[in-house]
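Novice: Output the structure for:
(2 chains)
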Amino acid sequence: DVKVTQSSRYLVKRTGEKVFLECVQDMDHENMFWYRQDPGLGLRLIYFSYDVKMKEKGDIPEGYSVSREKKERFSLILESASTNQTSMYLCASSTGQLKLFFGSGTQLSVL
Amino acid sequence: DQQVKQNSPSLSVQEGRISILNCDYTNSMFDYFLWYKKYPAEGPTFLISISSIKDKNEDGRFTVFLNKSAKHLSLHIVPSQPGDSAVYFCAALQGDYKLSFGAGTTVTVRA
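Specialist: Residues are numbered from 1 along each chain as shown, chains lettered A, B, ... in the order given. Below is the predicted model:
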């Protein structure tokens, strides 16, 4: 089974802190994604990567950056966390276009 | 502005009956449409997809119907089972990687 592992299930940070969310997949997938899920808004794409060191902005990249130094690992960085970044963050990976494999999510609270 | 809309936030159905989930979209350039299912504390999992050139796709108890002229798709679950209780997300793909998700519909199957 494909496994996408997110480093933390729950995270509480202070406004202005730099936050790292880590994601690791074990199936040698080329594509990796970061989404955030908010009530009433569904899942919104923050960034994605289709190869090592490659990244593309999604629909809501403002306030975020990403890093993909190795194929299996995709990190989401909040340079200076703000309260409006409190959300559920979901990492996913895929080989093709359709079937994404998601991690269990990280619930981030910024106080 | 959301390009994929699920206007019913919740649906309650009796076990054994049909569940019908609806989804509307605004972008006529979408190539594929998908449904994902999410249980609490887990990431979404891929359920079924349909190409924009088809009008129906069936997989066991799950059937997706696409009406391009109405920009509408629906997911039918027959018969509904208690394990189908989950949040269902409609999604649409444009280009190579960008999936747009709806807000989700919470399905509760009553015994």
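
Novice: right, and the helix or strand after the worst-scoring helix or strand of chain B on mean pLDDT?
Specialist: In chain B, no helix or strand scores lower on mean pLDDT, DSSP states H and E than strand B:98-101, which sits at a mean of 88. Using DSSP states H and E, the helix or strand that follows strand B:98-101 in sequence is strand B:105-110.

Novice: Isn't A:Leu93 up against A:Arg73?
Specialist: Quick fix: residue A:93 reads Ser, not Leu. No: counting by CB atoms under 8 Å, A:Ser93 stays clear of A:Arg73, with 10.5 Å between them. In short, each C-beta sits where N, CA and C put it, glycine included.

Novice: Which one's more surrounded, these two?
Specialist: A:Ser93 (27 against 15; other CB atoms under 10 Å in any protein chain shown).

Novice: mind checking which helix or strand the more buried one is in?
Specialist: Per DSSP H and E: A:Ser93 is located in strand A:87-94.

Novice: tell me the contacts of B:Lys54?
Specialist: By CB atoms under 8 Å, 6 or more residues apart in numbering or on different chains, the contact list for B:Lys54 reads B:Leu66.

Novice: Which per-residue confidence value corresponds to it?
Specialist: With respect to pLDDT, B:Lys54 scores 96.

Novice: before we move on, what about the one 3 residues further on?
Specialist: Residue-level confidence at B:Asn57 comes out at 97, pLDDT.

Novice: That one belongs to a helix?
Specialist: No: counting by DSSP: H, G, I helix; E, B strand; the rest coil, B:Asn57 is not part of a helix but strand.

Novice: Check whether it really touches B:Leu75, as I assumed.
Specialist: No: using CB under 8 Å, B:Asn57 is not in contact with B:Leu75, being 10.2 Å away.

Novice: Which element, helix or strand, includes B:Ala91?
Specialist: strand B:86-94.

Novice: For that strand, buried residues please.
Specialist: B:86-93 (16 or more other CB atoms under 10 Å in any protein chain shown).

Novice: With stretch B:25-43 instead?
Specialist: B:25, B:30, B:32-38, B:43.

Novice: distance between that stretch and the chain's centre?
Specialist: Remark: stretch B:25-43 is offset 6 Å from the chain centroid, using CA atoms, centre = their mean, to the nearest Å.

Novice: Wondering if that stretch reaches chain A at all.
Specialist: Yes: contact of stretch B:25-43 with chain A (CB under 8 Å from any CB of the partner chain) involves B:32, B:34, B:36, B:41-43.

Novice: Before I go, just wanted to say thanks for your time.
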